Structures are given as structure tokens and as C-alpha cells.
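A.B. asks: Turn this into a structure:
(2 chains)
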Amino acid sequence: MTGLTLRRVSHRVTGTDSELATHLALQPYLADLAATHGLALRGELVGTGQSYAELAPIEAVTSPDEPVDLLVFAYGVPDVQPGRNIALHLASRCPGRPLAFAICDQGPAAAFTALRLIADHPCERALLVVAEQATVPYPLIAPAPVPDRHAAVALLFERGPAPVEVRTHAALPPEAVAAVLAADIAELSGAHEAVTLVLGSGMDGGLDGLRAVPGLPYTGLWARLADVEPGRLPVFADYDPALGYLCVAACPLSVHIGQMVLAERG
Amino acid sequence: MTTTLADVAAYLPERRVTVEDLGPSLGLTPTQVRVLRRFNGLGEVRRQRPGESLVDLLEAATRALPTLRGREHLVRYVLHARGVPVVAPYPVNPVHELKARLGLDNATAFAVTHHACASALLAIDLAGRLVGRDRGALALVVAGEQVFTQDERLAPDHRVFGEGAGACLVAADGPGDRLLSYVADQRGDLDHWGTDGLGAMERFAQEYTELLGDVVLTAVKQADLSVEDLTLVLPHNVNVVSWRRVCRRIGLPVDKVLLDNVPLAGHTPSADTFINHASAVALGRLAPGEVYLTAGAGFGAVFSAMVFERGVFEQHGSGHMATTELRTRVADTLTVLLGRLLGRDLPDLSEKTRLMDELGLSSSRTLELLLTLEDELDLQVDVEEIDRDDLASLGSLADFVVAHADGA
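C.D. replies: Numbers count the residues shown, from 1 in each chain, chains lettered A, B, ... in the order given. Coordinates of the predicted model:
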């Protein structure tokens, strides 16, 4: 396992739709997708949505003289072009042409799984990209988080002295979350005196810490890591009642944290 | 720690659709369909029946893993390798539905994608990394999609998508096929969803042979081997002619590429490696200690290859997989054995020939025929469920053997 520190974070949020949402091939594709479960498209949403390929702030967290070895892209709500291999496109814009792939179908836990895979992969630098968009152009047939704006966050990690800890608890009922979370926070905090808790939008109130950016259930937590004061250890957590995952992680901030960038939030 | 395929199985739906039947819906002219069959070596694909779901497809492959039962508690991860990034309307979640059906409650499940038709190779590599940190743990990798949209019919003049699924158990050590190398060459500049879609597709087609050939050579080199060391290549089943070109380019004899399934199953977006693995085992083309490679490529674009050393397996999963090849062998062998058993030529023998009514075989002699067949093909048939209907004709007996054979 590679030791990692978090070096830069950039969060881009927009209410504007992409021109790619009007691509001619899109409507038949989405109609076919919806029809697999007997759904019809919501006409008022056709032609809206955002492209993760355009939205992801890769350039804001990378520089040409710092090649990246690995890029993991996590999403829940599909891209405006659901058939597109976004991760490959992002890699082509990233110094070092990193191995790139996507993790999905795990709700907000997908980003934690992406971080776990980054931690398992020997590398000098790695990018975690999480994205979400507000357009779901068919009725939801089950409860699920839907953002109220389009957003993408990019986090640059670099090799560091301490391992990143990622814990994923599957099939955890809501009533068990508090106890498991408390135990994990205690263990992950270890001997650190200065710990900042960062809580995702799936976490109940009652805990002191930074809260995810409202309305952004997938990127809102990760964007808030930029607000952790230098010298403090961020311990961050999210819970997804739909799939039953509680994820808790800790990752030291880089000593170069002063170079962190927070771009275009809001 | 070495990423190890501890068990592999595959499944093909029984419904067959010929390229001639598919032609009109793909917008192909009769001449283009002839090119598909004659030049590209495509013949038919498998499709599920109406009403069957993607989870049904994935479950069928997983249930064909003979060593999963009893070891469910060791499965900590379930990875759905997907050539198609989005296969169901959000938030429908096939991999979690599969996890629930299999009773893998404590496993962490997710989909791995954006490596197009090479996503299964990526998923195997990631699964190996995950279990490498988790002693004794297993990861279940499943692959397969339904063909639900026009976009999966891209370039239908040289490939046709079928439906099929694969599954494997990945361990960090123990018996099984050992991963020797994995290489993925990504070419995001050939992304056909970008602003220059047609141009990107054209360049993809132009550079395809070179890029796929190069990634095969790189994977072999990374395993400290040469192409001559490969016993077998498990291809993605895009078509026959493109593999011939790749073979010529890298000096690989084309008969080392298992192309048997191209005309029989077509190209599944992510499951070809598993489907061909099951066929290779059924055909006796993988022996312990031998080195094989699997490769795939897809729009987006990505070209990937993996090299394995074949291990020792106690059992093999096949599901309905490789049934075409196996069935042909069973029917052919039964024909020979019947002539031998009855001591005469049987020129009019067909699948419909009634073993008892027409040939006068008794039940016991039919079972004797079955035992001889087992010896001849080195397989074992579970005869517990056999009944009189199964013994009715040569065809029904062949069907029964294929459905109940183990170790073929």
C-alpha cells in the first residue's frame, strides 16, 4: 500500500447545460436505456445535462511537470453522454497519460472505493475525480440522491509517509451507523490531536465537523476537504441508506497544502 | 501474492439469432450481411428471451462457478466489469441485485468500466489488488451486458454484438491461473464521443491492428516471454479477419487464437475472455503450466492484454457455455459409437433418429453407449436425472449429455 497525502482539490459547480446534451444520437440512446425498465423520457429534460468530460477540473490540479500515474473516476448519476468512456478522455488531458478507469453503481461509496484502489496502487501521483449532474431524464424508480446542480471535483494525491485508510462497511442498517462510525473515527484518528471530521450528505446531524456542500450528494463531501486547515487530519465519512454502505476514511494533507486550489465553487 | 483466477465460468443464452436475421435491424444491405458471414466470419449471436434481465444473465454465469458454493462467506468484493458504462436507468443497480440474489450480503459491490470491451481485464487486475490486502478473501468478477441500444451496433458492418456473460473468482494465491502481466494502452484521443467523432472512429480503424498487436507484444514481454511461448490466445470476438491481420503483424500463428466462438456467439461487450476460456477448457486446449494470453480493445479507445500461466483446477464451470462445440463433439461421437455398437453402417442416422424405436436399443444398451461416450470424450455425465425422454433420440441424448457434463 502506498502512503499518500492530499495535495490539491478543485471543485467546479455549474447550473449551465452542455451543448453535447443536444447531440442527435443521445435521445434514441436514452430512450432505449429508459425502455429497458419500462420508462419513458421526461421530455422537458431532454437536451439538458452536463458533460463530465468538460466539467472535470483536471487542469486545475495538475501541472505538466508532475506526471500522474493513476486516475480513478467515480460517479453515480450517469453522464449526459452515458455511453462515453470519460475516464479515457480525462487521462488524455492529464500529464503522464495515467491508467484511468471508472467506478460506479455503488452510490456515494464509489468515490471511497476509488480512493481505496488508489491507495492499493503503487504510484507517485494519482487523481481522484468525482462528478454528478442534475439531469436524470426519466422518472426515478427507487429512492436515490439527485444533485441540484452539475459538479465535478478533482483531488490530486501524491506519495506520502502515511497510508490512506479507507473502511467500507456493507449492509449496515441505519441504527448501527453511529456506533460503527464512532469506533472508526477513534481508530483512524489514532494519536492525532488535531482531527477534522468531514461529513457527507448521507450523515445525520449531531456530529461536529465540516458538512458537505449542500445539494451535491456525490462531490459535496470531497470538495470540503479543501477547507480542512493545514496540520489537521481529515477523517471523512458518508452513509448511503439505499445501498447500506458506511464509508470512513482518513488521508493526511500534504505539507504543500498551501498550494491547494479551490476553483469555481458555486 | 499473485493475482489468481481460482475459478472461471461462462454462460450463453440458448436463443440464437443469425446475422441474416439481424441485418435489417442493423441497417445492413444483403451484400453487407454476406460480407459479415463470408469475410468477417460472423454467423449468429445469442440473445436472451424477452423478459429476461441483465441480472439473470450475470447470475447464470455465476451459478456455473462450481467452487463458489460453500465459499460465499469468503467473497468480499463483487465487481461488474462493463464494456458499456451505463446499462440501466439510474438508480437501477444490477450488481447489487446480483449480490442480493447470491446472498453475498457482506461483500462490497461496484461496477468497473470505461475500458470498453477490455473492462473485464481491468476488473481482474483490480480484484487481484483488492484481495491482495485481504488474506483469504475472494473477489467475484462478473461480466456481461444486454444489447439494448443502437450505440451498441456501432460499425455493424464488421462486428455484431451478442449477449453472454462470464464470471470468475479471483484470489491472491492458491490453485488457479496465475496472472503474469497486464498492459492497457489507452488512447483517449480516439474518443468517438468527442467533437470529431467520425474522424476518431476512422483513425481507430486505421490504427487498430498496430495498437492491438503492440499491446499483445508488450504484455508478453512484460511476462519475460515471447510470442512463441504462448499456447493459446483468447481473443475478443470482434471478427476473424481483424485477428488474422494482428497475427500476421506480430508473427502469431492464427491457429493459436481461439476463434471458434466468433461465428457462434459474436462479440459480447465484456465477457468474451470468459466465454473463450470456458470453450478452451471444454476443447482441452489449456493444460497446466501452459501460458495463454487474452486481449481486447474498444472504442474510446483502449487496447489491453493479459498473460496467464494455466494452473490446476479440480472442477470447471461451463453453464451453457461452449455447448455448441461440446454438442457437436458429442453428437459426432455418438454417431460413431452407435455404428460400432450395432456393428453396421448407419448412413441415415440423424439427430431425429429414435434410439429405441428405430435402432432397437434397450435402455441398458443406451446407458452403455453413454458410458463409452464418457471414456471417448474424457468427461463425466451426471446421470441421476436422466429419464426415458432423454434417451428417445440421438439429439435428445446429446442435449442431455451437454447439460449434465462435467470436466468436458
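A.B. asks: Now chain A against chain B: closest residue?
C.D. replies: In chain A, the residue found nearest to chain B is residue A:92; the distance is 2.9 Å by Cβ to the nearest Cβ. For the C-beta atoms, the positions are set from N, CA and C on the backbone; glycine is no exception.
A.B. asks: wouldn't that residue be in contact with residue B:200 here?
C.D. replies: No. Residue A:92 lies out of contact with residue B:200 (Cβ atoms under 8 Å); the separation is 11.2 Å.
A.B. asks: Quick check: neighbours shared by these two?
C.D. replies: A shared contact of residue A:92 and residue B:200, defined by Cβ atoms under 8 Å, 6 or more residues apart in numbering or on different chains, is any residue touching both; here these are B:189, B:191.
A.B. asks: which residues of chain A score low on pLDDT?
C.D. replies: Along chain A, the model assigns pLDDT under 70 to residues A:1-2, A:255-266.
A.B. asks: mind listing the helices for it?
C.D. replies: Under the criterion DSSP state H, helices of chain A are mapped to A:26-35, A:52-55, A:58-61, A:86-92, A:109-120, A:174-189, A:220-224.
A.B. asks: With mean neighbour count as extra columns, can I get these in a markdown table?
C.D. replies: Written out in a markdown table, the entries for the helices of chain A read as follows (neighbours: other Cβ atoms under 10 Å in any protein chain shown):
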| stretch | mean neighbour count |
| --- | --- |
| helix A:26-35 | 18 |
| helix A:52-55 | 25 |
| helix A:58-61 | 20 |
| helix A:86-92 | 26 |
| helix A:109-120 | 26 |
| helix A:174-189 | 15 |
| helix A:220-224 | 27 |
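A.B. asks: Might you enumerate the residues of the stretch 301-408 of chain B proximal to chain A?
C.D. replies: B:301, B:302 (Cβ under 8 Å from any Cβ of the partner chain).
A.B. asks: what sits against residue B:185?
C.D. replies: By Cβ under 8 Å, 6+ apart, the contact set of residue B:185 is B:211, B:214, B:215, B:218, B:302, B:303, B:304.
A.B. asks: right, I mislabeled it, should have said residue A:196
C.D. replies: Applying Cβ under 8 Å, 6+ apart, the residues contacting residue A:196 are A:209, A:210, A:228, A:229, A:232, A:233, A:234, A:235.
A.B. asks: Out of those residues, which sit inside strands?
C.D. replies: A:210, A:233, A:234, A:235 (DSSP state E).
A.B. asks: In PyMOL, select just the buried ones from these.
C.D. replies: Here is the PyMOL command that selects the buried residues among the ones in strands among the contacts of residue A:196 (16 or more other Cβ atoms under 10 Å in any protein chain shown):
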select buried, chain A and resi 210+233+234+235
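A.B. asks: Quickly check the ones in strands among the contacts of residue A:196 for the two that are furthest apart.
C.D. replies: The span of the ones in strands among the contacts of residue A:196, defined through Cβ to Cβ, is set by A:210 and A:233 at 12.9 Å.
A.B. asks: is any part of stretch B:66-80 close to chain A?
C.D. replies: Yes. Part of stretch B:66-80 sits close enough to chain A to count as contact by Cβ under 8 Å from any Cβ, namely residue B:80.
A.B. asks: Quote the end-to-end distance of that stretch.
C.D. replies: By Cα to Cα, to the nearest Å, the extent of stretch B:66-80 from end to end equals 19 Å.
A.B. asks: in that stretch, what counts as buried?
C.D. replies: Buried residues in stretch B:66-80, counted by 16+ other Cβ under 10 Å: B:66, B:67, B:68, B:74, B:75, B:76, B:77, B:78, B:79, B:80.
A.B. asks: Tell me which stretches of chain B form helices.
C.D. replies: So, for chain B - with DSSP H - the helices run B:19-22, B:30-38, B:54-63, B:94-102, B:119-132, B:197-222, B:240-250, B:262-265, B:272-282, B:323-342, B:363-377, B:394-404.
A.B. asks: Now render those helices as a markdown table, adding mean pLDDT and mean neighbour count.
C.D. replies: As requested, the helices of chain B are exported to a markdown table (pLDDT from 0 to 100; neighbours: other Cβ atoms under 10 Å in any protein chain shown):
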| stretch | mean pLDDT | mean neighbour count |
| --- | --- | --- |
| helix B:19-22 | 89 | 18 |
| helix B:30-38 | 84 | 15 |
| helix B:54-63 | 96 | 23 |
| helix B:94-102 | 98 | 21 |
| helix B:119-132 | 97 | 26 |
| helix B:197-222 | 93 | 18 |
| helix B:240-250 | 95 | 18 |
| helix B:262-265 | 89 | 24 |
| helix B:272-282 | 92 | 29 |
| helix B:323-342 | 76 | 18 |
| helix B:363-377 | 80 | 16 |
| helix B:394-404 | 81 | 20 |
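A.B. asks: Surely residue B:41 and residue B:239 touch.
C.D. replies: Yes. With contacts counted by Cβ under 8 Å, residue B:41 reaches residue B:239, the gap being 5.9 Å.
A.B. asks: So which of these two has more stuff around it?
C.D. replies: Between residue B:41 and residue B:239, counted using other Cβ atoms under 10 Å in any protein chain shown, the more crowded position is residue B:239 (22 against 17).
A.B. asks: Identify the residue spatially nearest to that one, adjacent ones excluded.
C.D. replies: The shortest distance from residue B:239 to any non-neighbouring residue, by Cβ to Cβ, 6 or more residues apart in numbering or on different chains, is to residue B:40 (3.8 Å).
A.B. asks: which residues are common contacts for residue B:41 and residue B:239?
C.D. replies: With contacts defined as Cβ under 8 Å, 6+ apart, the residues adjacent to both residue B:41 and residue B:239 are residue B:262.
A.B. asks: Just the pLDDT for residue B:406.
C.D. replies: Listed pLDDT for residue B:406 reads 63.
A.B. asks: got it, and residue B:300?
C.D. replies: Looking at residue B:300, its pLDDT is 88.
A.B. asks: contacting residues for it?
C.D. replies: Applying Cβ under 8 Å, 6+ apart, one finds that residue B:300 lies in contact with A:84-85, A:88-89, B:114-116, B:187-188, B:190-193.
A.B. asks: Residue B:77 - nearest residue in space that isn't next to it in sequence?
C.D. replies: residue B:139 (4.0 Å).
A.B. asks: could you measure that neighbour against chain A, distance?
C.D. replies: Note on residue B:139: its distance to chain A, by Cβ to the nearest Cβ, to the nearest Å, is 12 Å.
A.B. asks: Could I get the contacting residues of that residue?
C.D. replies: Taking Cβ under 8 Å, 6+ apart as the test, what residue B:139 contacts is B:75, B:76, B:77, B:78, B:79, B:127, B:128, B:130, B:131, B:169, B:170, B:171.
A.B. asks: Please look at the first one and residue B:105 and confirm they touch.
C.D. replies: It stands for residue B:75. No. With contact defined as Cβ under 8 Å, residue B:75 does not reach residue B:105; the gap is 10.1 Å.
A.B. asks: and whichever residue of the stretch 101-250 of chain B sits closest to chain A, what pLDDT?
C.D. replies: Distances between the stretch 101-250 of chain B and chain A by Cβ to the nearest Cβ are smallest at residue B:188, namely 2.9 Å. The predicted structure scores residue B:188 at 90 on the pLDDT scale.
A.B. asks: any idea how far the closest residue in space to residue B:383 that isn't next to it in sequence is from residue B:253?
C.D. replies: Sequence neighbours aside, residue B:370 is the residue nearest to residue B:383 in space, at 6.8 Å (criterion: Cβ to Cβ, 6+ apart). The spacing between residue B:370 and residue B:253, counted by Cβ to Cβ, to the nearest Å, is 37 Å.
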